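*Asks:* just a sequence and a predicted model for now, questions to come.
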Amino acid sequence: MEPIIPEGEALRHAIQWLSEQPRHDVKTIEEASRRFDLSPADEEFLLRHFVEES
């Protein structure tokens, strides 16, 4: 997996939070999106990098 270096502060916090979670499924990504108030594009980015690559 290539390193992820996002530009937005909220997205960086979401990735940090996700890295601490035991699961990286759609439900967890949705929780991160709500928790860090991510845009739909940021949520899609997380889905592509955490769910599709698993």
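*Replies:* Yep, it's here.
*Asks:* quick one, phi psi at the residue nearest the centre of the chain?
*Replies:* Among the residues of the chain, the one closest to the centroid is L46, at 3.7 Å (Cα atoms, centre = their mean). Reported as degrees, to the nearest 10, the phi and psi values for L46 are phi -60, psi -40.
*Asks:* and it, what does it touch?
*Replies:* 11, 14-15, 18, 29, 32-33, 38 (Cβ atoms under 8 Å, 6 or more residues apart in numbering). (Glycine included, C-beta is placed from N, CA and C.)
*Asks:* can you do 6 Å?
*Replies:* The contact partners of L46, taken as Cβ atoms under 6 Å, 6 or more residues apart in numbering, are I29.
*Asks:* same check on A10?
*Replies:* 36, 38.
*Asks:* what helix or strand does it sit in?
*Replies:* In the assignment (DSSP states H and E), A10 maps to helix 9-19.
*Asks:* in that helix, what's buried?
*Replies:* 10-11, 14-15, 18 (16 or more other Cβ atoms under 10 Å).
*Asks:* out of those residues, flag the one nearest to V51.
*Replies:* L18 (10.4 Å; Cβ to Cβ).
*Asks:* okay but that closest one is in contact with S33, surely?
*Replies:* No. Counting by Cβ atoms under 6 Å, L18 sits too far from S33 to count as a contact (10.4 Å).
*Asks:* pull up the overlap in contacts between these two.
*Replies:* Common contacts of L18 and S33, defined by Cβ under 6 Å, 6+ apart, are absent altogether.
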